[in-house]
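*Asks:* 3D model of this:
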Amino acid sequence: PCEVFTSGTLVDPELLQGAGARFLAYLHFEQSSKGGLDFSICLVDCATSQFQLGQYVDSPDRNTLRTLVAQVQPSEVVYDAENLPGEVLSYFRRLPYRPQLSALRQDGASGLLGARDRLRKYRQEHPQIFSEAVEKVLTQDSATMAAAGLMAYLTSSLLSERLLPMALWSVLDGASTASKAGPAGPAGPGPRMVLDATALAAIEVVETLEGRYEGSLLSFLDHTSTPMGYRLLRQWLCAPLYALEEIVQRQEAVESFLQRQELAQQLRQSLRKCLAGTKLPVDLERATSRIWSYALQAERKAVMYEDVTARRLGHFVELMEAFEQCYNLLTTAFPSDLPGRLALVAKVQKEGGSLPELLPTIRCLKGALVQTPMEKGNGSKFRPQDGADPVYDEKCRQIRSTLQDLEKELETLRQKYPKVSFCFMHRMPGYRYEVECDEQAIGSHAKNLDVSYRSKGKLRFYTPRIKELLAQLEHLEDQREDCIFPFLSKLFRDFHSHQASFR
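*Replies:* All right, here's what the predicted structure looks like:
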């Protein structure tokens with residue numbers, strides 16, 4: 001199956017540019033409100049499958065809308081041409097960073113009924129996909145239209161099957177428009193300060209007055225080591241902490257690193273090494289989301305090269321190894337005398353910290369795979385561990401039986417012509433298990449053979465039984481390759497079942 005990519009629907013690392021999130025936004029305005037000021041917005045970062053939904057009451061100067069746009073800077077804005085006010089469309093067209101504008105028509109009452117029906121079917125297919133907080137926002141008709149409109153656009157872009165089943169939905173509040181919702185407390189962010197569009201522009205937080213990233217406050221402060229760290233820093237700058245206790249805790253953490261320069265440098269270098277040591281893009285959030293999207297393909301629906309499944313298994317192992325290395329780094333690098341929040345981050349939950357117990361899950365998932373040499377060419381690939389998948393094990397058993405039958409046929413030839421030396425040879429890619437012998441030794445019997453190749457006094461041939469076994473072998477190898485897809489789906493779904501710990 002193919003996919004259609006626009007500015008806001010890029011998911012593959014080869015297409016994404018930079019570490020920043022590329023948001024796709026759907027806007028729906030409440031026509032019943034005075035001047036059509038109130039609106040709902042649904043955002044998605046397609047590279048991480050994170051959806052956010054919010055409903056807002058705006059002022060005549062549209063300060064709330066401008067603030068959201070300044071903080072999020074969506075790469076693409078989708079809208080109903082009959083719903084979006086003309087002044088808002090003009091505002092988007094004047095933005096320095098030029099988001100893509102995509103019209104998607106939804107008609108009046110039928111549009112609302114259709115939106116409700118789309119969400120109803122989505123809930124039935126994926127129970128408990130929405131939290132109570134998201135369900136509360138969806139009681140507003142405009143929020144329903146925004147969520148369903150975005151889902152319809154993803155469907156038209158052929159991305160709905162990839163993103164919606166594994167989506168993580170949260171509420172987009174007015175304080176921190178691009179951050180994950182979380183409870184206040186030592187392990188989660190509390191209230192945030194609202195920097196409206198005027199403040200963000202005047203301070204040049206994420207871009208200069210000319211619309212450039214270079215020269216902004218973010219570009220000056222960004223010394224992050226990972227793409228995830230960059231996105232988190234951007235969220236912090238757009239929505240600074242508001243509660244004094246939270247501010248003090250962060251200052252204590254910063255002061256601790258300033259006093260331990262060697263530790264800070266070690267963490268920075270080690271974290272870069274953990275991520276850069278893999279063949280995956282150095283972005284755990286995006287790589288994790290992509291692995292989860294693989295879980296949706298339980299069988300081959302298109303012709304694919306053999307190494308596609310092996311590469312996906314390899315990517316999965318590399319991701320698990322990156323998580324394991326980062327986990328070990330957090331649990332071993334920090335000293336015991338750390339201030340409050342850092343002490344929680346460096347301790348696992350059973351010891352009173354906030355770090356999830358990831359190692360048992362990682363080792364269990366990695367244990368389902370084994371690395372073996374490639375049958376064709378150099379290198380190695382990953383396959384299911386013996387006993388991990390009964391269907392795969394049965395196909396392997398049948399293949400071994402067929403290979404034994406080929407050897408038996410070769411032994412039959414040796415008994416029939418005891419003075420001739422026979423062996424199997426392979427001419428890749430099209431000729432496997434050719435029987436090779438000396439042409440002079442076989443003599444007049446060569447005219448009765450199905451000769452496939454002659455060179456330098458040697459000839460190669462097939463017997464009818466070898467042809468039959470070779471066709472059987474190739475069929476079994478195709479079946480073995482096909483059964484890896486359901487195994488991939490199960491393995492990646494098992495990984496997704498632990499998504500709360502890996503988020």
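
*Asks:* residues near the nearest residue to Thr288 once chain neighbours are set aside, how many?
*Replies:* Take Thr288 and drop its neighbours on the chain: the residue closest to it by Cβ to Cβ, 6 or more residues apart in numbering is Phe502, 6.0 Å away. Bear in mind the C-beta positions are built from the backbone N, C-alpha and C, glycine included. Neighbour count for Phe502, taken as other Cβ atoms under 10 Å: 18.

*Asks:* do Gln100 as well
*Replies:* Neighbourhood size, Gln100 [other Cβ under 10 Å]: 15.

*Asks:* separation between it and Gly211?
*Replies:* According to Cβ to Cβ, to the nearest Å, Gln100 and Gly211 sit 16 Å apart.

*Asks:* same check on Pro60?
*Replies:* 25 Å.

*Asks:* more crowded one of the two?
*Replies:* Of the pair Pro60 and Gly211, Gly211 is the one with more neighbours under other Cβ under 10 Å, namely 11 against 8.

*Asks:* that one against Gln73, yeah?
*Replies:* No - using Cβ atoms under 8 Å, Gly211 is not in contact with Gln73, being 10.1 Å away.

*Asks:* overlap in contacts, the two.
*Replies:* Tyr97 (Cβ atoms under 8 Å, 6 or more residues apart in numbering).

*Asks:* scan this protein for its longest helix.
*Replies:* In the chain, taking DSSP state H as the definition, the longest helix is helix 464-496.

*Asks:* heading C-terminal from that one, find the next helix or strand.
*Replies:* The helix or strand immediately downstream of helix 464-496 is helix 499-502, counting by DSSP states H and E.

*Asks:* quick one: that following helix to chain centroid distance?
*Replies:* 14 Å (Cα atoms, centre = their mean, to the nearest Å).

*Asks:* again with stretch 483-492
*Replies:* For stretch 483-492, the distance to the chain centre is 16 Å (Cα atoms, centre = their mean).

*Asks:* strands along the chain, start to end?
*Replies:* Here the chain has its strands, by DSSP state E, at 23-29, 39-45, 50-56, 76-79, 100-103, 168-171, 369-373, 380-384, 423-427, 431-438, 450-455, 458-462.

*Asks:* please save the CA atoms from the third one in PDB.
*Replies:* Taking Å, rounded to 0.1, in the frame of the first residue of the first chain, the C-alpha atoms of strand 50-56 are listed here in PDB:
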ATOM      1  CA  GLN A  50       0.600  11.900  19.700                       C
ATOM      2  CA  PHE A  51      -2.800  13.600  19.300                       C
ATOM      3  CA  GLN A  52      -3.900  16.600  21.300                       C
ATOM      4  CA  LEU A  53      -7.400  18.200  21.400                       C
ATOM      5  CA  GLY A  54      -8.600  21.500  22.800                       C
ATOM      6  CA  GLN A  55     -11.600  23.800  22.800                       C
ATOM      7  CA  TYR A  56     -11.100  27.600  23.400                       C
END
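
*Asks:* report the central residue of the protein.
*Replies:* In the chain, the residue lying closest to the centroid (Cα atoms, centre = their mean) is Arg290, at 1.8 Å.

*Asks:* report the contact partners of that one.
*Replies:* Arg290 neighbours (Cβ under 8 Å, 6+ apart): 11-13, 47, 315.

*Asks:* out of these, which end up buried?
*Replies:* Neighbour counting with 16 or more other Cβ atoms under 10 Å marks 11, 47, 315 as buried within the contacts of Arg290.

*Asks:* is it true that the last one touches Arg286?
*Replies:* No - using Cβ under 8 Å, His315 and Arg286 do not qualify as a contacting pair, with a distance of 11.8 Å.

*Asks:* flag every buried residue along stretch 20-34.
*Replies:* For stretch 20-34, the neighbour count (16+ other Cβ under 10 Å) marks 20-30 as buried.

*Asks:* which of those lies closest to Val77?
*Replies:* Nearest to Val77 out of those is Ala25 (Cβ to Cβ; 5.1 Å).
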